[in-house]
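Enquirer: Give me the fold of what follows.
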Amino acid sequence: MELNQTGSLWSDRENWDRVAAAIDARARHHGAEGHAGTCVLDDPNTTSTSAALACTRATPSVTTVLGLRMRRRIDDLVTENAVNPLERRTLILEGQATYGKTTATMFEVLRRQRRAIAEKGSLLGPYIHMPWLYVEIGAGYGYKDIAEAIEIHAGLVPRSRDTAQAKVAHLRSMLPKLGVEGIVIDDAHNLRSSPEGKTVDGLKNLLTGLPVTLVFIGLNPMSKSALLNGAARGMGSSVQQIARRADLVRADLGASEADQHKAWQQVTASLVGQFHLPDDDVQATLTDTGLLGDVYDVTQGLFGGTYTLLKAAAVSTIRSSGGTYADAIRKGVATTRTAQRTANGAPVHRANMPKNPADAMRAQDAPRSSKTTQRRKSSAP
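Expert: Alright, predicted model coming up:
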């Protein structure tokens, strides 16, 4: 059986290149006079609406406390596993929805991805060099499902008739040929529990059997997930081995509310600064402490909610002929609060807060015609 060779019909590489290029571009600041955005444009001083909207669709490039922590932890983990492959360790990142767990992890993964390709090239013999893989877990995934998902994302032809053990043996043989250093397994809280322990036994086999570093991301508490459930009570040898080899990291890093708020302010300033908006409009927004306090309140300081609200307000400002960015944010805050109060007839708390507060703003950013509606939907990231 052949795998992800340069002539194969399926490869994850193009997607990696696209994402990496977007992030690289946002790391360069053209310093457009009168504009605060770091989005790279052919003409950074342009007043083109379409160009400004392109900036809102680009991947945000921000440095967060969690991102810096994940950089150190992943670096240390990969090094440790290379030195001691027989006692391979893993990292489990847990936190609330939209906290920025995947964003913080993937910026570091993309950095390592680019560095490895720069050092060793895009090809390893006949195979596409794929230093890191990203796998998203669906509801009720088991051991075999994960193994098959890794096969697919590695560009391998999945062998559906294989047992889970055969798939892992195949991956153990093939991943080194692709130069795979690590695998991110997202939404790990979706892992299926099995009373007979087959899922956790299989996960232990992945951890001990694959010659790569595994990073799991999931909603808290991951101690209740199939990955770790029962470890605290001394149940099962497999779950005990996973717990012994795992570094459990909380997305909030145990920070105080004051520290979390300070970090949120820094991230918010960075996010707002990446939109192609007039500099004086951005500065007026960032110095309005009352407005920022309202944003923090309705988003609960979560990265995803903050970003989508600020992004929707930027889109609304760019599309409108008048009005300020601060005004658009106020509308977003107001409509989001209304949506939260009426959701299910009860207040919306942090755990069940809408993942995308921007949804509540769509009435404010209503299209001018059905044709505009269709165009806007097709351009959504």
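Enquirer: from here on, contacts and neighbour counts on C-alpha atoms
Expert: Noted.
Enquirer: Surely residue 98 is within a strand?
Expert: No: assessed with DSSP: H, G, I helix; E, B strand; the rest coil, residue 98 is coil; it does not lie in a strand.
Enquirer: pretty sure it is in contact with residue 303, am I right?
Expert: Yes: if you go by CA atoms under 8 Å, residue 98 and residue 303 touch, sitting 5.8 Å apart.
Enquirer: Which strand or helix spans residue 266?
Expert: Assigned by DSSP states H and E, residue 266 falls within helix 257-272.
Enquirer: Low-confidence stretches in the stretch 51-200 of the chain?
Expert: By pLDDT under 70, the low-scoring segments of the stretch 51-200 of the chain are 58-63, 194-197.
Enquirer: do that again at 90, thanks
Expert: 51-72, 85-88, 95-115, 117-118, 121-123, 125-128, 134-145, 152-166, 168, 188-200 (pLDDT under 90).
Enquirer: Tell me what angle the helix or strand following the helix holding residue 266 forms with helix 257-272.
Expert: Next helix or strand after helix 257-272 toward the C-terminus (DSSP H and E): helix 279-286. If you take axes from the mean of the first three to the mean of the last three CA atoms, to 10 degrees, helix 279-286 sits at 160 degrees to helix 257-272.
Enquirer: For helix 279-286, which helices and strands make contact with it?
Expert: If contacts are counted by 3 or more CA pairs under 8 Å, 6 or more residues apart in numbering; DSSP states H and E, helix 279-286 sits against helix 289-299, helix 325-342.
Enquirer: What residues of the helix or strand just after the first one count as buried?
Expert: On the C-terminal side of helix 289-299, the nearest following helix or strand under DSSP H and E is helix 303-319. Burial within helix 303-319, assessed by neighbour count using 16 or more other CA atoms under 10 Å, is assigned to 303-318.
Enquirer: Also stretch 166-181?
Expert: Across stretch 166-181, burial judged by 16+ other CA under 10 Å covers 167-172, 174-181.
Enquirer: what's the answer for stretch 179-198, then?
Expert: Going by neighbour count (16+ other CA under 10 Å), the buried part of stretch 179-198 is 179-193.
Enquirer: What about these, which are in strands?
Expert: Among those, the members found in strands (DSSP state E) are 182, 183, 184, 185, 186.
Enquirer: rewinding a little: got a markdown table for the buried residues of stretch 166-181, with secondary structure and distance to residue 132 too?
Expert: Converted to a markdown table, these look like this (DSSP: H, G, I helix; E, B strand; the rest coil; distance: CA to CA, whole Å):
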| residue | secondary structure | distance to residue 132 |
| --- | --- | --- |
| 167 | helix | 19 |
| 168 | helix | 17 |
| 169 | helix | 19 |
| 170 | helix | 17 |
| 171 | helix | 14 |
| 172 | helix | 15 |
| 174 | helix | 14 |
| 175 | helix | 10 |
| 176 | helix | 11 |
| 177 | helix | 13 |
| 178 | helix | 10 |
| 179 | coil | 8 |
| 180 | coil | 6 |
| 181 | coil | 6 |
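Enquirer: out of these, who's nearest residue 241?
Expert: Minimum distance to residue 241 across those is 18.1 Å, recorded for residue 168 (CA to CA).
Enquirer: hang on, the closest one packs against residue 209?
Expert: Yes: Residue 168 is within contact range of residue 209, at 7.2 Å (criterion: CA under 8 Å).
Enquirer: rewinding a little: next, format the buried residues of stretch 166-181 as TSV and append distance to residue 289.
Expert: Output for these, formatted as TSV (distance: CA to CA, whole Å):
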residue	distance to residue 289
167	55
168	53
169	57
170	56
171	53
172	54
174	54
175	51
176	52
177	54
178	50
179	49
180	46
181	44
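Enquirer: Nearest to residue 103 among these?
Expert: Using CA to CA, residue 181 comes nearest to residue 103 of these, at 19.1 Å.
Enquirer: That closest one and residue 206: what is the separation?
Expert: Using CA to CA, to the nearest Å, residue 181 is found at 14 Å from residue 206.
Enquirer: quick revisit: may I see the helices and strands packed on helix 279-286 arranged in TSV, with mean pLDDT, distance to residue 251 and mean neighbour count as well?
Expert: Formatted as TSV, those follow (pLDDT from 0 to 100; distance: least, CA to CA, whole Å; neighbours: other CA atoms under 10 Å):
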stretch	mean pLDDT	distance to residue 251	mean neighbour count
helix 289-299	91	16	17
helix 325-342	89	24	20
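Enquirer: and residue 55, which of those helices is closest to it?
Expert: Checking the helices and strands packed on helix 279-286 against residue 55 by CA to CA gives helix 325-342 as the closest, at 15.0 Å.
Enquirer: Next, the angle helix 289-299 makes with the closest one.
Expert: Interaxial angle, helix 325-342 versus helix 289-299 (the same axes, to 10 degrees): 30 degrees.
Enquirer: What helices and strands are in contact with helix 325-342?
Expert: Using 3+ CA pairs under 8 Å, 6+ apart: helix 325-342 touches helix 279-286, helix 289-299, helix 303-319.
Enquirer: Could you report the separation of the residue nearest the centre of the chain from residue 202?
Expert: The chain has residue 102 as the residue nearest its centroid, 2.8 Å off, counting by CA atoms, centre = their mean. Separation of residue 102 from residue 202 (CA to CA): 24 Å.
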